[in-house]
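>>> Sharing a sequence plus its predicted fold:
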Amino acid sequence: MSSKVSIHTLQEMKERGERISMLTAYDYPSGQLVDASGADVILVGDSLGMVVHGFETTIPVTMDMMVMHCAATRRGVKRALLIGDMPFGSYQTDIATAKRNAARLLQEGGVDAVKLEGGEFMADTVCKIVEMGIAVHGHIGLTPQSVSAFGGFKVQGKTVDVAKQLVKDALAIQDAGAFAIVLEGIPSRLAKLISEKLTIPTIGIGAGAGCDGQVLVFHDLLGLFADFTPKFVKKYAHLRDDIVGALKQYNAEVRAGTFPTAEHEYALSDDVWQQLKDELGT
């Protein structure tokens, strides 16, 4: 196993021009699998609200849910840097609440760092959490927790004014002490420009190849989530079809009486069996 990934590892990768691989995971088995794959960073994303719990957005996700999923994932992760999303409402109301909830994700969830959404207006919150000694990963562009304000999942930064604000947002979050930042759902030219302006790593999702790294959702990449597929997703497998096929075969064999067979059964010695029959009078 390679050495444990830290925020310093990611910074060194940016400086050497090495791409950073990030994937989501939400529980013990997915954490184990992603860690075994050699991913540099594992994000316990609030996307779990959609791909695990079946919500239409990430908004219903609570701190208790995030703590539970982070703790389960932590038990499966040994090498990758583990980051936990701060869910909607856990940091936007006031800084004291944000600091308390960030501490929960470390103390109870076992993560190495926290991620929160927002640009320039969130810089002070980022700064105060960092001052506590907690590493913070930023997130700007299409921020899913603000989907209602955006009027849906829409690409951000397509006008000069919005593009300029995104550049300001990225610089403000960096200056506040964040060690990295997700750029989501923004034009690739703009993402490349931001990545070149920042000294900290950028992680793209729907932001093109010019970022310092990329992140995809576990269930999207593996073809497990069927509700919808964003344009930026590449499916590296179609496990949903394989899983449904295997389950159908199981159902058919149970109904036909062809499962289980002797190889799946536990044996009882003839002596014990005969004694049991004698004592039961059968």
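Arrived safely, thanks for sending.
>>> okay, the lengthiest strand in the chain in PDB with CA atoms only?
In the chain, taking DSSP state E as the definition, the longest strand is strand 135-141. In PDB, the C-alpha atoms belonging to strand 135-141 read as follows (Å, rounded to 0.1, in the frame of the first residue of the first chain):
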ATOM      1  CA  ALA A 135      -8.800  21.400   6.600                       C
ATOM      2  CA  VAL A 136     -11.500  22.800   4.200                       C
ATOM      3  CA  HIS A 137     -12.200  21.900   0.600                       C
ATOM      4  CA  GLY A 138     -14.200  24.600  -1.300                       C
ATOM      5  CA  HIS A 139     -16.800  24.100  -4.000                       C
ATOM      6  CA  ILE A 140     -18.000  26.800  -6.500                       C
ATOM      7  CA  GLY A 141     -19.900  26.900  -9.800                       C
END
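>>> Please state the offset of that strand from the chain centre?
13 Å (C-alpha atoms, centre = their mean, to the nearest Å).
>>> So, low pLDDT: which residues of the stretch 101-250 of the chain?
147-153 (pLDDT under 70).
>>> which element is Leu43 on?
strand 41-44 (DSSP states H and E).
>>> List the strands paired with that strand, with their directions.
With DSSP bridges as the test, strand 41-44 is paired with strand 20-24 (parallel), strand 81-85 (parallel).
>>> Show residues contacting the longest strand of the chain.
7, 83, 102, 112-119, 122, 126, 129-130, 156-157, 166, 169-170, 173-174, 176-186, 203, 207 (C-beta atoms under 8 Å, 6 or more residues apart in numbering). For the C-beta atoms, the positions are set from N, CA and C on the backbone; glycine is no exception.
>>> need the helices for this structure, in chain order.
Along the chain, counting by DSSP state H, helices occupy 7-16, 28-37, 48-51, 63-74, 95-107, 123-131, 147-150, 160-175, 188-197, 218-221, 239-256, 270-280.
>>> Adding mean neighbour count and distance to His264, write those out as JSON lines.
Output for those, formatted as JSON lines (neighbours: other C-beta atoms under 10 Å; distance: least, C-beta to C-beta, whole Å):
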{"stretch": "helix 7-16", "mean neighbour count": "15", "distance to His264": "45"}
{"stretch": "helix 28-37", "mean neighbour count": "18", "distance to His264": "23"}
{"stretch": "helix 48-51", "mean neighbour count": "23", "distance to His264": "32"}
{"stretch": "helix 63-74", "mean neighbour count": "21", "distance to His264": "29"}
{"stretch": "helix 95-107", "mean neighbour count": "18", "distance to His264": "42"}
{"stretch": "helix 123-131", "mean neighbour count": "19", "distance to His264": "52"}
{"stretch": "helix 147-150", "mean neighbour count": "12", "distance to His264": "48"}
{"stretch": "helix 160-175", "mean neighbour count": "17", "distance to His264": "55"}
{"stretch": "helix 188-197", "mean neighbour count": "18", "distance to His264": "52"}
{"stretch": "helix 218-221", "mean neighbour count": "22", "distance to His264": "30"}
{"stretch": "helix 239-256", "mean neighbour count": "11", "distance to His264": "11"}
{"stretch": "helix 270-280", "mean neighbour count": "9", "distance to His264": "19"}
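>>> now the ones you listed in a markdown table, with distance to Ile140?
Below are those laid out as a markdown table (distance: least, C-beta to C-beta, whole Å):
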| stretch | distance to Ile140 |
| --- | --- |
| helix 7-16 | 17 |
| helix 28-37 | 24 |
| helix 48-51 | 20 |
| helix 63-74 | 20 |
| helix 95-107 | 17 |
| helix 123-131 | 11 |
| helix 147-150 | 13 |
| helix 160-175 | 5 |
| helix 188-197 | 9 |
| helix 218-221 | 21 |
| helix 239-256 | 31 |
| helix 270-280 | 68 |
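>>> ok, back up a step: His238 is nearest to which of the strands paired with strand 41-44?
strand 20-24 (17.4 Å; C-beta to C-beta).
>>> before we move on, the earlier item: what's the mean pLDDT across the strand holding Leu43?
For strand 41-44, mean pLDDT is 98.
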